[in-house]
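Colleague: Here is a sequence together with a model predicted from it:
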Amino acid sequence: MPIRISTILLWCALLSASSGSNISEQLKDFKVFKSVLLSKEGTIDLHVSKNTMEKALSFAEKNLGQPLSILEQYKIYALTLSVIQCGHTQIHPNREVFREWLKARNALPIDYYLIGKKLIVNKTLNQDEVELKQEYPDRKPRKSVPAGAEILRLDHLTIPQMMREMGLFMSSDENGDDFKYFQAKQLFEFYRNLALPFNKDSVHVEFAFKGDTNELYLLTGRAPVHTINTRLRKSSELYEEHSQNMGEFKIVQGSGYFRFYSFKVSSGKKYEAFLKHSFEQLKKRKVKRLIVDLRGNTGGAMQYSIMRYFVGEGIYLGRYVIEKPKQGIESGHLKKIQADYLRHKRGTRIQKRKIRRAKFDDGRVETEAVDPSLVYTGALVVITDEGTFSSAGILACQLKTLCGAKIVGRAAGGSFYGGNAGTLALELPNSKLTVYVNPNTFYAHLPPPADPFVIKRPDVELNRIILDPKKQDDYYFKAAKNAFK
């Protein structure tokens, strides 16, 4: 299933004071959390031992046995879930968490976000400029960091140094760093404040702009909320748009080009027709070079269907198992009137029927029948980045290892070997924090290695900063075409 992007708008976080909590409520929340996690998380020891998870849960219970703010509770759950090392299994900040963060007024007067692993300064809206001046009328005007600049250090720490601490509060497959960068992309300042709150009034900032390296000190205080909020809204709208796009195909300059922003709706009859038509065009035009662009694709439906157009019929692709099927009685705190839960119910019925008919074979998946004349045998390039995750990561793995594809871009954020999926939402009864658990487990066709990250290293690595999306797309397409040479 696709990973969820936080869409909570920060203006909500300024409306009122947050309510307190008590130990009894915290422990009731933890009891629900532990029960659902153990009963619905597919393979909780897929990447770590059960003993490690038991220690993590004991740590959480001990710390939740003292009065904590909502932000502190969030941190405990985030730390606990990150131990599982499954990027889908995570907790999202809600309005109360954001409210407490912003009330601390521990931010810089600039907005920034990640492009890949580079921290870029956003243009501050006039509304924030005016409100910041009104809130701090006695402050003398200071130079600021220009929009488009790359921040090299904050408070004398590099971005990788900061991400090592921030990453403790983020979930990722096999505890890899890449997907954590993707998660922090739009909420870098939030995670920075969780892990490394400023403890001084003036913070050193080192940045690069137009070829020069500069440094200055900025005063801490209110965050530029309107600027952040506008950026989050645009990101959310683009995410929703991409989630409804099952895929695009075109032939450009003699090369075939698939663009898959998401696999959320990439299944069913309409999708099958799209695939068949695309590979018919490749055959008709005698195309011998094909690019599959998976940047920012956090998954959705497993892409076993498209693989038959690359490897033919009867090829082993891996396994997919609902390890924690729907039970007759389940927690009332799971959100059941949602598409994901309904899919879980349907998937459980299908798996049980296959088991009764002796057709399940432990979830083994092989490619289905396909017109042999449509099987593509030309050169292949796959574009990945930190957001290539879950089913998109597995597809990149299959195209690389079964079809000899080159990888261009940056290392995929998701595992090439396996993970938990099938995201179900759990709302904790008192704190109202939402936790996502995953009852299904998918496995690639490869055995797990000692180092799961080597296979994801790109043949051609791209780290250039390009702010304009159209120019960015052109840059990646050109680099992919050059990789055929």
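Modeller: All right, it came through fine. Numbering: from 1, shown residues only.
Colleague: okay, CA-based contacts and neighbour counts for the rest of this
Modeller: Fine.
Colleague: Pull the distance from stretch 391-404 to the chain's centre.
Modeller: Relative to its parent chain, stretch 391-404 has a centroid offset of 18 Å by CA atoms, centre = their mean, to the nearest Å.
Colleague: Would you mind listing the buried residues in the lowest-mean-pLDDT helix or strand in the chain?
Modeller: Among the helices and strands of the chain, helix 126-135 carries the lowest confidence by mean pLDDT, DSSP states H and E, at a mean of 89. By neighbour count on 16 or more other CA atoms under 10 Å, the buried set for helix 126-135 is 128, 132.
Colleague: Can you identify the element that follows that helix toward the C-terminus?
Modeller: strand 150-154 (DSSP states H and E).
Colleague: for that next one, packing partners?
Modeller: Using 3 or more CA pairs under 8 Å, 6 or more residues apart in numbering; DSSP states H and E as the contact criterion, the secondary-structure elements in contact with strand 150-154 are strand 118-121, strand 202-209.
Colleague: List the neighbouring strands of the first one plus their orientation.
Modeller: Taking DSSP bridges as the criterion, strand 118-121 sits next to strand 112-115 (antiparallel), strand 150-154 (antiparallel) in its sheet.
Colleague: got TSV for these, with distance to Lys478 too?
Modeller: Below are the strands paired with strand 118-121 laid out as TSV (distance: least, CA to CA, whole Å):
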stretch	distance to Lys478
strand 112-115	19
strand 150-154	24
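Colleague: Of all these, which one comes closest to Leu125?
Modeller: Of all those, it is strand 112-115 that lies closest to Leu125, at 12.7 Å by CA to CA.
Colleague: average pLDDT for that closest one?
Modeller: Per-residue pLDDT over strand 112-115 has a mean of 97.
Colleague: Apart from its neighbours in sequence, what residue is nearest Glu129?
Modeller: Excluding its sequence neighbours, the residue lying closest to Glu129 (CA to CA, 6 or more residues apart in numbering) is Pro224, at 7.9 Å.
Colleague: gap between Thr367 and Tyr316?
Modeller: When CA to CA, to the nearest Å is applied, the distance between Thr367 and Tyr316 equals 7 Å.
Colleague: now swap in Leu57 and tell me
Modeller: Taken as CA to CA, the span from Leu57 to Tyr316 is 37 Å.
Colleague: follow-up on the earlier one: between the helices and strands packed on strand 150-154, which one is nearest to Lys456?
Modeller: Among those, strand 118-121 comes nearest to Lys456, with 19.7 Å by CA to CA.
Colleague: outside of that closest one, which residues touch it?
Modeller: By CA atoms under 8 Å, 6 or more residues apart in numbering, the list of residues contacting strand 118-121 from outside reads 110-114, 145-152, 159, 465.
Colleague: hmm, back to that, let's see the pLDDT reported for the residue nearest to Glu129.
Modeller: 95.
Colleague: from what I can see it touches Ile110, true?
Modeller: Yes - because the distance of 6.3 Å satisfies CA atoms under 8 Å, Pro224 is recorded as touching Ile110.
Colleague: Which neighbours do these two have in common?
Modeller: Residues touching both Pro224 and Ile110 (CA under 8 Å, 6+ apart) are Thr124.
Colleague: Between those two, point out the one with more neighbours.
Modeller: Per other CA atoms under 10 Å, whichever of Pro224 and Ile110 has more neighbours is Ile110, with 25 against 21.
Colleague: distance between the ends of stretch 264-274?
Modeller: With CA to CA as the measure, the first residue of stretch 264-274 is 15 Å from its last.
Colleague: elements contacting the helix or strand containing Lys75?
Modeller: Element membership of Lys75, judged by DSSP H and E, is helix 70-82. Under the contact definition 3+ CA pairs under 8 Å, 6+ apart, helix 70-82 sits against helix 50-63, strand 90-92, helix 95-103.
Colleague: I'd like to know which of these is closest to Val252.
Modeller: strand 90-92 (39.2 Å).
Colleague: How about residues contacting stretch 410-417?
Modeller: Counting by CA under 8 Å, 6+ apart, the neighbours of stretch 410-417 from elsewhere in the structure are 87, 172-174, 176-180, 182, 383-390, 392-394, 396-397, 443-448, 452, 455-458, 461-463.
Colleague: let's see it at 6 Å
Modeller: The set of residues that contact stretch 410-417 without belonging to it, under CA atoms under 6 Å, 6 or more residues apart in numbering, is 173, 178-179, 384-390, 393-394, 397, 443-444, 456-458, 461.
Colleague: In strands, which of those residues appear?
Modeller: When the contacts of stretch 410-417 are checked against strands using DSSP state E, the ones located there are 384, 443, 461.
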